[in-house]
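Novice: following is a predicted model, sequence given first.
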Amino acid sequence: MQTGVKRLSELASALGCELRGDGDLAITGVAGMEHATPSQLTFLANPKYAPKVKHTKAGAVLVQSYLEDVSAAQLISSNPYLDFSRALALFYQPPKPEPGIHPQAAIAASATIGEGASIGAFAVVGENVVIGKNAVIHPHVVIYAGATIGDDLLAHSHSVIREYCRVGNHVTLQNGVVVGGDGFGFAKRADGTHAKIVQSGITVIEDDVEIQSLTSVDRATVGETRVKRGARIDSLVQIGHACVVGEDNIICAQTGLAGSTILEKNVLLAGQVGVSGHLTIHDNAIIYAQSGIGHDVPAGSVMSGSPAFEAREWLRAITAFPKLPDILRQMRQLEKRLAALEPGAPKAE
(Lines give C-alpha, C1' and ligand atoms only; values in the text may rest on other atoms or scores of the structure.)
Protein backbone atom coordinates (compact mmCIF):
# COMPACT_ATOMS: atom_id res chain seq x y z
CA MET A 1 0.00 0.00 0.00
CA GLN A 2 1.45 3.36 -1.07
CA THR A 3 1.24 5.90 1.74
CA GLY A 4 1.03 9.61 0.96
CA VAL A 5 3.31 12.35 -0.30
CA LYS A 6 6.32 13.64 1.61
CA ARG A 7 8.43 16.73 1.17
CA LEU A 8 12.08 16.05 0.44
CA SER A 9 13.09 17.92 3.61
CA GLU A 10 10.90 15.53 5.63
CA LEU A 11 12.65 12.56 4.03
CA ALA A 12 16.08 14.04 4.73
CA SER A 13 15.15 14.49 8.38
CA ALA A 14 13.66 11.00 8.72
CA LEU A 15 16.72 9.38 7.13
CA GLY A 16 19.31 11.59 8.81
CA CYS A 17 20.71 12.74 5.45
CA GLU A 18 22.17 16.07 4.36
CA LEU A 19 19.87 17.79 1.86
CA ARG A 20 21.31 19.48 -1.22
CA GLY A 21 18.46 20.90 -3.28
CA ASP A 22 14.82 21.92 -3.02
CA GLY A 23 13.45 20.75 0.32
CA ASP A 24 9.86 21.55 -0.74
CA LEU A 25 9.99 19.01 -3.57
CA ALA A 26 7.02 16.62 -3.25
CA ILE A 27 8.10 12.97 -3.28
CA THR A 28 5.44 10.34 -3.95
CA GLY A 29 7.58 7.20 -3.81
CA VAL A 30 10.87 5.55 -4.66
CA ALA A 31 12.12 3.76 -7.79
CA GLY A 32 15.21 2.51 -9.57
CA MET A 33 17.40 5.01 -11.38
CA GLU A 34 16.19 4.17 -14.89
CA HIS A 35 12.47 4.17 -14.05
CA ALA A 36 12.13 6.98 -11.51
CA THR A 37 9.91 9.97 -12.30
CA PRO A 38 10.39 13.62 -11.25
CA SER A 39 8.30 12.97 -8.12
CA GLN A 40 10.33 9.93 -7.02
CA LEU A 41 13.52 9.25 -5.07
CA THR A 42 16.24 6.95 -6.38
CA PHE A 43 19.73 5.95 -5.19
CA LEU A 44 23.34 5.47 -6.27
CA ALA A 45 25.11 2.78 -4.27
CA ASN A 46 27.84 1.76 -6.73
CA PRO A 47 30.13 4.57 -8.01
CA LYS A 48 30.56 2.86 -11.38
CA TYR A 49 26.95 3.77 -12.18
CA ALA A 50 27.54 7.47 -11.43
CA PRO A 51 27.34 8.50 -15.14
CA LYS A 52 23.75 7.21 -15.24
CA VAL A 53 22.70 9.67 -12.53
CA LYS A 54 23.03 12.52 -15.02
CA HIS A 55 20.33 10.91 -17.15
CA THR A 56 17.85 9.90 -14.44
CA LYS A 57 14.49 11.64 -14.36
CA ALA A 58 14.24 11.22 -10.59
CA GLY A 59 13.48 14.30 -8.56
CA ALA A 60 16.05 13.35 -5.94
CA VAL A 61 18.83 10.81 -5.50
CA LEU A 62 20.52 9.27 -2.47
CA VAL A 63 24.31 9.47 -2.90
CA GLN A 64 27.35 8.89 -0.71
CA SER A 65 28.99 12.18 -1.69
CA TYR A 66 27.80 15.25 -3.56
CA LEU A 67 27.88 14.97 -7.35
CA GLU A 68 28.50 17.95 -9.63
CA ASP A 69 26.49 18.41 -12.83
CA VAL A 70 23.48 16.47 -11.53
CA SER A 71 20.17 18.30 -11.86
CA ALA A 72 18.31 16.16 -9.31
CA ALA A 73 18.28 17.14 -5.65
CA GLN A 74 20.67 15.05 -3.56
CA LEU A 75 20.44 13.41 -0.15
CA ILE A 76 23.95 12.72 1.14
CA SER A 77 24.01 9.38 2.94
CA SER A 78 26.72 7.20 4.45
CA ASN A 79 24.82 4.15 3.14
CA PRO A 80 22.60 5.03 0.16
CA TYR A 81 21.30 1.48 -0.37
CA LEU A 82 20.26 1.10 3.26
CA ASP A 83 18.61 4.52 3.29
CA PHE A 84 16.83 3.69 0.04
CA SER A 85 15.29 0.66 1.77
CA ARG A 86 14.34 2.83 4.75
CA ALA A 87 12.72 5.36 2.42
CA LEU A 88 10.83 2.58 0.68
CA ALA A 89 9.36 1.52 4.04
CA LEU A 90 8.12 5.09 4.55
CA PHE A 91 6.05 4.89 1.36
CA TYR A 92 4.98 1.27 1.23
CA GLN A 93 3.48 -0.89 3.95
CA PRO A 94 2.00 -4.32 3.17
CA PRO A 95 -1.54 -4.82 4.43
CA LYS A 96 -1.70 -6.04 8.03
CA PRO A 97 -4.80 -7.86 9.23
CA GLU A 98 -6.61 -6.66 12.30
CA PRO A 99 -6.05 -8.56 15.57
CA GLY A 100 -8.44 -11.42 16.18
CA ILE A 101 -8.97 -15.10 15.46
CA HIS A 102 -11.01 -15.97 12.40
CA PRO A 103 -13.96 -18.25 13.21
CA GLN A 104 -12.75 -20.78 10.65
CA ALA A 105 -9.31 -21.13 12.29
CA ALA A 106 -8.76 -24.30 14.33
CA ILE A 107 -7.10 -23.48 17.66
CA ALA A 108 -6.50 -26.25 20.21
CA ALA A 109 -7.98 -25.55 23.62
CA SER A 110 -4.57 -26.14 25.24
CA ALA A 111 -2.79 -23.59 23.00
CA THR A 112 -1.67 -20.26 24.46
CA ILE A 113 -2.01 -17.28 22.14
CA GLY A 114 -0.44 -13.93 23.13
CA GLU A 115 -2.31 -10.65 22.97
CA GLY A 116 -2.64 -8.80 19.70
CA ALA A 117 -2.54 -11.93 17.54
CA SER A 118 -4.19 -12.12 14.13
CA ILE A 119 -4.98 -15.66 12.98
CA GLY A 120 -6.55 -16.17 9.57
CA ALA A 121 -9.09 -18.60 8.18
CA PHE A 122 -8.14 -22.29 8.02
CA ALA A 123 -5.00 -21.78 10.09
CA VAL A 124 -4.36 -24.64 12.51
CA VAL A 125 -2.69 -24.30 15.92
CA GLY A 126 -2.05 -27.62 17.66
CA GLU A 127 -2.12 -28.83 21.25
CA ASN A 128 0.10 -27.09 23.80
CA VAL A 129 1.43 -24.57 21.30
CA VAL A 130 2.67 -21.30 22.84
CA ILE A 131 2.66 -18.16 20.69
CA GLY A 132 3.88 -14.76 21.92
CA LYS A 133 2.40 -11.30 21.37
CA ASN A 134 1.39 -9.67 18.09
CA ALA A 135 1.63 -12.74 15.87
CA VAL A 136 0.30 -12.46 12.33
CA ILE A 137 -0.65 -15.93 11.12
CA HIS A 138 -2.14 -15.89 7.64
CA PRO A 139 -4.67 -18.40 6.29
CA HIS A 140 -3.60 -22.04 5.92
CA VAL A 141 -0.61 -21.82 8.26
CA VAL A 142 -0.17 -24.98 10.33
CA ILE A 143 1.59 -25.08 13.70
CA TYR A 144 2.03 -28.58 15.11
CA ALA A 145 1.66 -29.65 18.73
CA GLY A 146 4.18 -28.43 21.29
CA ALA A 147 5.77 -25.69 19.19
CA THR A 148 6.96 -22.61 21.08
CA ILE A 149 7.03 -19.24 19.31
CA GLY A 150 8.12 -15.78 20.51
CA ASP A 151 6.68 -12.33 19.85
CA ASP A 152 5.94 -10.75 16.47
CA LEU A 153 5.80 -13.88 14.34
CA LEU A 154 4.83 -13.22 10.72
CA ALA A 155 3.84 -16.50 9.07
CA HIS A 156 2.53 -16.38 5.50
CA SER A 157 0.08 -18.84 3.99
CA HIS A 158 1.08 -22.50 3.80
CA SER A 159 4.10 -22.14 6.06
CA VAL A 160 4.45 -24.92 8.63
CA ILE A 161 6.09 -25.12 12.05
CA ARG A 162 6.40 -28.74 13.09
CA GLU A 163 6.05 -30.41 16.49
CA TYR A 164 8.15 -29.17 19.42
CA CYS A 165 10.18 -26.74 17.31
CA ARG A 166 11.18 -23.41 18.81
CA VAL A 167 10.93 -20.06 17.03
CA GLY A 168 12.22 -16.79 18.50
CA ASN A 169 11.04 -13.19 18.31
CA HIS A 170 10.57 -11.15 15.12
CA VAL A 171 10.72 -14.15 12.78
CA THR A 172 9.25 -14.01 9.27
CA LEU A 173 8.30 -17.16 7.36
CA GLN A 174 7.32 -16.59 3.75
CA ASN A 175 4.87 -18.80 1.87
CA GLY A 176 5.52 -22.52 1.93
CA VAL A 177 8.38 -22.55 4.46
CA VAL A 178 8.68 -25.78 6.46
CA VAL A 179 10.38 -25.51 9.84
CA GLY A 180 11.18 -28.90 11.34
CA GLY A 181 10.29 -31.32 8.56
CA ASP A 182 11.92 -34.73 8.96
CA GLY A 183 15.61 -34.94 8.24
CA PHE A 184 16.62 -37.30 5.42
CA GLY A 185 17.71 -40.32 7.43
CA PHE A 186 17.46 -43.99 6.45
CA ALA A 187 19.31 -47.19 7.38
CA LYS A 188 19.81 -49.94 4.82
CA ARG A 189 18.58 -53.40 5.77
CA ALA A 190 20.34 -56.61 4.77
CA ASP A 191 17.91 -57.09 1.88
CA GLY A 192 18.71 -53.65 0.48
CA THR A 193 15.50 -51.94 1.57
CA HIS A 194 15.53 -48.73 3.60
CA ALA A 195 14.35 -48.33 7.19
CA LYS A 196 13.35 -44.83 8.23
CA ILE A 197 15.35 -43.39 11.15
CA VAL A 198 13.07 -41.57 13.55
CA GLN A 199 13.85 -37.84 13.50
CA SER A 200 13.52 -37.15 17.20
CA GLY A 201 15.32 -33.78 17.31
CA ILE A 202 13.94 -30.31 16.71
CA THR A 203 14.59 -27.16 14.70
CA VAL A 204 15.37 -23.91 16.52
CA ILE A 205 14.96 -20.55 14.78
CA GLU A 206 16.48 -17.71 16.80
CA ASP A 207 15.40 -14.03 16.83
CA ASP A 208 15.22 -11.74 13.79
CA VAL A 209 15.40 -14.44 11.14
CA GLU A 210 13.66 -14.31 7.76
CA ILE A 211 13.16 -17.40 5.62
CA GLN A 212 11.89 -17.02 2.06
CA SER A 213 9.34 -19.08 0.14
CA LEU A 214 9.52 -22.86 -0.26
CA THR A 215 12.57 -23.36 1.94
CA SER A 216 12.94 -26.33 4.28
CA VAL A 217 14.86 -26.37 7.56
CA ASP A 218 14.90 -30.02 8.65
CA ARG A 219 14.70 -31.24 12.23
CA ALA A 220 17.64 -33.20 13.61
CA THR A 221 17.76 -36.95 14.02
CA VAL A 222 18.82 -36.25 17.61
CA GLY A 223 19.61 -32.87 19.14
CA GLU A 224 18.73 -29.83 17.04
CA THR A 225 19.09 -27.94 13.79
CA ARG A 226 19.64 -24.25 14.56
CA VAL A 227 19.34 -21.03 12.57
CA LYS A 228 20.98 -18.26 14.57
CA ARG A 229 20.06 -14.64 15.11
CA GLY A 230 19.79 -12.37 12.10
CA ALA A 231 20.21 -15.01 9.38
CA ARG A 232 18.51 -14.45 6.03
CA ILE A 233 17.65 -17.53 3.97
CA ASP A 234 16.38 -17.20 0.40
CA SER A 235 13.77 -19.27 -1.46
CA LEU A 236 14.26 -22.93 -2.41
CA VAL A 237 17.03 -23.58 0.11
CA GLN A 238 17.51 -26.93 1.85
CA ILE A 239 18.98 -26.91 5.37
CA GLY A 240 19.72 -30.51 6.34
CA HIS A 241 19.37 -32.11 9.74
CA ALA A 242 21.67 -30.97 12.58
CA CYS A 243 23.04 -28.03 10.60
CA VAL A 244 23.94 -24.73 12.24
CA VAL A 245 23.39 -21.50 10.29
CA GLY A 246 25.38 -18.73 11.96
CA GLU A 247 24.53 -15.16 12.93
CA ASP A 248 23.84 -12.77 10.04
CA ASN A 249 24.39 -15.41 7.37
CA ILE A 250 23.07 -14.81 3.86
CA ILE A 251 22.09 -17.98 2.02
CA CYS A 252 20.86 -17.45 -1.55
CA ALA A 253 18.38 -19.46 -3.59
CA GLN A 254 18.79 -23.13 -4.53
CA THR A 255 21.57 -23.73 -2.02
CA GLY A 256 21.70 -27.06 -0.20
CA LEU A 257 23.42 -27.89 3.09
CA ALA A 258 23.88 -31.59 3.82
CA GLY A 259 23.49 -32.75 7.40
CA SER A 260 25.75 -31.45 10.18
CA THR A 261 27.11 -28.52 8.19
CA ILE A 262 28.21 -25.63 10.44
CA LEU A 263 28.22 -22.08 9.15
CA GLU A 264 29.84 -19.55 11.46
CA LYS A 265 29.13 -15.76 11.56
CA ASN A 266 28.59 -13.59 8.48
CA VAL A 267 28.95 -16.37 5.92
CA LEU A 268 27.57 -15.64 2.45
CA LEU A 269 26.55 -18.51 0.18
CA ALA A 270 25.54 -17.36 -3.31
CA GLY A 271 22.96 -19.21 -5.40
CA GLN A 272 23.16 -22.95 -6.08
CA VAL A 273 25.99 -23.64 -3.64
CA GLY A 274 26.20 -27.27 -2.53
CA VAL A 275 27.80 -28.23 0.78
CA SER A 276 28.58 -31.89 1.39
CA GLY A 277 28.03 -31.85 5.16
CA HIS A 278 29.98 -32.65 8.35
CA LEU A 279 32.21 -29.62 7.76
CA THR A 280 32.60 -26.02 8.93
CA ILE A 281 32.59 -22.82 6.90
CA HIS A 282 34.21 -20.28 9.19
CA ASP A 283 33.47 -16.59 9.88
CA ASN A 284 33.10 -14.12 6.99
CA ALA A 285 33.66 -16.65 4.22
CA ILE A 286 32.13 -15.94 0.81
CA ILE A 287 31.20 -18.79 -1.52
CA TYR A 288 30.44 -17.87 -5.13
CA ALA A 289 27.45 -19.23 -7.05
CA GLN A 290 27.39 -22.88 -8.16
CA SER A 291 30.32 -23.83 -5.96
CA GLY A 292 30.68 -27.28 -4.47
CA ILE A 293 32.11 -27.34 -0.95
CA GLY A 294 33.60 -30.64 0.21
CA HIS A 295 35.98 -29.50 2.97
CA ASP A 296 36.27 -26.95 5.76
CA VAL A 297 36.60 -23.33 4.62
CA PRO A 298 38.93 -20.99 6.58
CA ALA A 299 37.68 -17.69 7.97
CA GLY A 300 37.57 -14.84 5.45
CA SER A 301 38.06 -17.08 2.42
CA VAL A 302 36.51 -16.38 -0.97
CA MET A 303 35.85 -19.66 -2.77
CA SER A 304 34.54 -20.67 -6.16
CA GLY A 305 34.19 -23.68 -8.45
CA SER A 306 33.31 -27.32 -7.98
CA PRO A 307 35.22 -28.67 -6.22
CA ALA A 308 35.70 -25.20 -4.78
CA PHE A 309 39.05 -23.51 -4.23
CA GLU A 310 40.32 -19.93 -3.79
CA ALA A 311 38.33 -17.65 -6.12
CA ARG A 312 41.29 -15.80 -7.68
CA GLU A 313 42.97 -19.09 -8.56
CA TRP A 314 39.63 -20.35 -9.89
CA LEU A 315 39.34 -17.32 -12.19
CA ARG A 316 42.79 -18.04 -13.62
CA ALA A 317 41.94 -21.71 -14.02
CA ILE A 318 38.62 -21.09 -15.74
CA THR A 319 40.32 -18.68 -18.14
CA ALA A 320 42.79 -21.40 -19.08
CA PHE A 321 40.18 -24.15 -19.37
CA PRO A 322 39.01 -23.42 -22.97
CA LYS A 323 42.65 -23.36 -24.07
CA LEU A 324 43.40 -26.87 -22.81
CA PRO A 325 42.79 -28.67 -26.16
CA ASP A 326 45.27 -26.38 -27.93
CA ILE A 327 47.78 -26.74 -25.09
CA LEU A 328 47.46 -30.54 -25.25
CA ARG A 329 47.95 -30.54 -29.02
CA GLN A 330 51.05 -28.35 -28.69
CA MET A 331 52.45 -30.64 -25.98
CA ARG A 332 52.02 -33.72 -28.18
CA GLN A 333 53.75 -31.98 -31.08
CA LEU A 334 56.59 -30.96 -28.75
CA GLU A 335 56.92 -34.53 -27.44
CA LYS A 336 57.27 -35.82 -31.01
CA ARG A 337 59.96 -33.26 -31.81
CA LEU A 338 61.88 -34.09 -28.63
CA ALA A 339 61.63 -37.81 -29.33
CA ALA A 340 63.07 -37.26 -32.83
CA LEU A 341 66.12 -35.55 -31.27
CA GLU A 342 66.97 -38.43 -28.93
CA PRO A 343 70.11 -40.51 -29.79
CA GLY A 344 69.28 -43.51 -31.94
CA ALA A 345 65.98 -42.16 -33.08
CA PRO A 346 65.26 -42.86 -36.75
CA LYS A 347 65.92 -39.86 -38.96
CA ALA A 348 63.10 -38.45 -40.98
CA GLU A 349 63.45 -39.24 -44.70
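Specialist: Perfect, thanks for sending it.

Novice: next, the buried residues of stretch 68-87.
Specialist: V70, A72, A73, Q74, L75, I76, S77, P80, D83, F84, R86, A87 (16 or more other C-beta atoms under 10 Å). Where you see a C-beta, it was placed from the backbone N, CA and C, and this is true even at glycine.

Novice: can you give me the end-to-end distance of it?
Specialist: 24 Å (C-alpha to C-alpha, to the nearest Å).

Novice: what mean pLDDT does it get?
Specialist: In this model, stretch 68-87 has a mean pLDDT of 94.

Novice: likewise for stretch 10-18?
Specialist: Computed over stretch 10-18, the average pLDDT equals 96.

Novice: in it, what counts as buried?
Specialist: L11, A12, L15, C17.

Novice: hmm, back to that, from the buried residues of stretch 68-87, which single one is nearest I202?
Specialist: Among the buried residues of stretch 68-87, R86 lies closest to I202 (C-beta to C-beta), at 35.5 Å.

Novice: what secondary structure does the closest one sit in?
Specialist: Following DSSP: H, G, I helix; E, B strand; the rest coil, R86 is assigned to helix.

Novice: repeat that for the one 3 residues further on.
Specialist: With three-state DSSP as the basis, the three-state label of A89 is helix.

Novice: now the buried residues of stretch 10-18 in JSON lines, with distance to V142 and secondary structure?
Specialist: Formatted as JSON lines, these follow (distance: C-beta to C-beta, whole Å; DSSP: H, G, I helix; E, B strand; the rest coil):
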{"residue": "L11", "distance to V142": "41", "secondary structure": "helix"}
{"residue": "A12", "distance to V142": "45", "secondary structure": "helix"}
{"residue": "L15", "distance to V142": "40", "secondary structure": "helix"}
{"residue": "C17", "distance to V142": "44", "secondary structure": "coil"}
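
Novice: between those residues, which sits nearest G32?
Specialist: Nearest to G32 out of these is L11 (C-beta to C-beta; 17.1 Å).

Novice: quick revisit: could you identify the most distant pair in the buried residues of stretch 68-87?
Specialist: Based on C-beta to C-beta, the longest span within these runs between V70 and R86 and measures 21.6 Å.

Novice: so which of the buried residues of stretch 68-87 belong to strands?
Specialist: For the buried residues of stretch 68-87, the ones inside strands are A73, Q74, L75, I76, with DSSP state E as the criterion.

Novice: what would those look like in TSV with distance to S200?
Specialist: TSV is the format used below for these (distance: C-beta to C-beta, whole Å):
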residue	distance to S200
A73	60
Q74	58
L75	54
I76	56
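
Novice: what's the closest of the buried residues of stretch 10-18 to I281?
Specialist: Nearest to I281 out of the buried residues of stretch 10-18 is L15 (C-beta to C-beta; 35.0 Å).

Novice: quick check: mean pLDDT of stretch 271-290?
Specialist: Rounded mean pLDDT across stretch 271-290 is 97.

Novice: I'd like to know which of the ones in strands among the buried residues of stretch 68-87 is nearest to P51.
Specialist: For these, the nearest to P51 is Q74 (15.6 Å; C-beta to C-beta).

Novice: roughly how far apart are that closest one and L44?
Specialist: Distance, Q74 to L44, using C-beta to C-beta, to the nearest Å: 9 Å.
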